[in-house]
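A.B. asks: Provide a 3D model corresponding to the input given below.
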Amino acid sequence: EDDANDETERWYYADGDGKLCAGEIKSIKGKYYGFWPENGKKSGAMLNGLCVLQMDGSKIEKVIADDIDSNDLDDILDGDYEDQGNWTDVYLYYFGNDLDGDGSMKTGNVTVNLDGNSYNFLFKKTGNPAGGRGQGVTGIEDKKYIYNYGCKIKASSDDKYKLVRVEGTNGDDINSSGVNVTTKDLIPAWEDGTDYKNWYYTVPNGIYEGQDLTCIYKKMVFDFTKNCPGIIQSLCTKLIKKKLLYESIQFVDNRITMGEDAAVVYKAMLNAKKIVVINDCYYFYRTHQDSMCRSKDYDIFTKIYYFYQYMYNMFSIYSVEYCLNMQLRAYIISFIEKGLIDIFSVKLSSPYIFPFELLHNSDKKIVLYGAGNVGRSYYKQLVKKNTFELVAWVDKGLAGQYVLNQKIVSPESLKNYKFDKVLIAVKAFETSQKIKKELCTYIDKEKILWDETKTNFWLRELEI
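C.D. replies: Below is the predicted model:
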């Protein structure tokens, strides 16, 4: 009845007694199909697309998300999907991409197109659903390929490489249980406590002396164009003349036990007549399980104070043209973040900046489309503005759920709202265009907005 009233088309299956199949993956004429559990108006409806399901054997306990898009998939692979840290017995399944087509559960190697992007998946193809048939695999296949929730992990054409960590209590191949796959960005996170770092200098290779040293000084502590140090501070990757090294060490505050490499290296660079930069990697550094880098430090803010005071006084004697103390303030943010995590278990992150410049004075009633990381940043900023009213927060995959105490509604429900603008809150341009195309079937395209996402290093918010 609800579907008829909404003019929504769904597929259902009833047995010989007329009872609807619900909450299970069922074999029908040699193929397997998934059906929504008995909760909500989709009860018994056939599942479609990439679906995130909480399972109990072949029974579907909960549909966390159905027919997800590339933005949702990226969040899942990054471990950033809503409440993902509390998932248990949750798997990705694929039921085709067209409700008017077959809609059966796919197994084996499958290429899935989402928002113009192609993804390679591997779904278990043996046994029955109770034994895991159809689940996206996680782990290493044939010592060659790595999968997470069934999606093959690949580096972008620009990076060529991707850092991946695979862990498992009973092995790390795709047939093992309890395997966990995490990826690391190639751009260095520096001092963030991660296990692996692909450290590199943002200062180009070359021999610098005389006036050319200025371009190093302006970014060596922190390169604002890359949001990371221009010259990594570690002594282990430097060759420094003995006399210069001694001059740089002898006046260092002996209370400094955090950032001591930086206190020596940057002083030596400022005193050097010639600096040679080589970006080739001849040294590999790995943090072991019991390293001090992993331990909690409850005196960290005292240590930060000693380091900051010494570096500030040292930098103050050099030209303001180099902006050394501004670089220093950016550099110690990573120390402060570690202190907040160690002592208070809270984290700092850079929010995506809401594009208020896209809105006109007459745009009072706003719809936000997307409840991922971008959407949540936008939401927090929008609700603080008294000049705008959030009419609805939309997300296809999270419809009916609550995010930040705000109920998420489906795109189709927008027909029941009056609004001035719809702002699409996603990172990928291709995804935004797909959403815009769908919305344009019942919303004036002039009302639909999207802008490339932006962050500001100096703007931070707490993640509790």
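
A.B. asks: contacts for the helix or strand containing Ile146 next, please.
C.D. replies: Assignment of secondary structure by DSSP states H and E places Ile146 within strand 145-148. With contact meaning C-beta atoms under 8 Å, 6 or more residues apart in numbering, strand 145-148 is reached by 77, 121-122, 136-141, 152-153, 164, 166, 174, 181, 183. Glycine gets a C-beta too; all of them are placed from N, C-alpha and C.

A.B. asks: from those residues, which shows the smallest pLDDT?
C.D. replies: Checked by pLDDT, the contacts of strand 145-148 have Thr183 as the lowest-scoring entry (77).

A.B. asks: let me see the contact set for that residue.
C.D. replies: Neighbouring residues of Thr183 by C-beta under 8 Å, 6+ apart: 77-78, 148, 153, 162-165.

A.B. asks: picking that back up, give me the next element, helix or strand, following the strand holding Ile146.
C.D. replies: Using DSSP H and E, the helix or strand that follows strand 145-148 towards the C-terminus is strand 151-152.

A.B. asks: please identify the buried residues of whichever helix or strand comes after that following strand?
C.D. replies: Proceeding N to C from strand 151-152, the next assigned helix or strand is strand 163-168, under DSSP H and E. Buried residues in strand 163-168, counted by 16 or more other C-beta atoms under 10 Å: 163, 166, 168.

A.B. asks: ok, the second one touching Ile153?
C.D. replies: No: proximity of Val166 to Ile153 does not meet the contact threshold set by C-beta atoms under 8 Å, at 9.4 Å.

A.B. asks: hey, what's in contact with both of these two?
C.D. replies: With contacts taken as C-beta under 8 Å, 6+ apart, the residues that reach both Val166 and Ile153 are 146, 181.

A.B. asks: on that earlier part again, so which bits of the strand holding Ile146 are buried?
C.D. replies: Neighbour count says strand 145-148 has 146-148 buried, by 16+ other C-beta under 10 Å.

A.B. asks: which of those residues lies closest to Asn279?
C.D. replies: Compare each of these with Asn279 using C-beta to C-beta and the shortest gap goes to Ile146, at 27.0 Å.

A.B. asks: ignoring the adjacent residues along the chain, who's closest to that closest one?
C.D. replies: Residue nearest to Ile146 in three dimensions, not counting chain neighbours: Ile153, with 4.5 Å by C-beta to C-beta, 6 or more residues apart in numbering.

A.B. asks: tell me, how many residues neighbour the one you found?
C.D. replies: Ile153 is flanked by 16 other residues according to other C-beta atoms under 10 Å.

A.B. asks: how close does it get to Asp223?
C.D. replies: Ile153 sits 28 Å away from Asp223 when distances are taken as C-beta to C-beta, to the nearest Å.

A.B. asks: cool, Thr202 as well?
C.D. replies: Thr202 sits 4 Å away from Asp223, going by C-beta to C-beta.

A.B. asks: which residues do these two both contact?
C.D. replies: Contact criterion C-beta under 8 Å, 6+ apart; residues shared by Thr202 and Asp223: 229-230.
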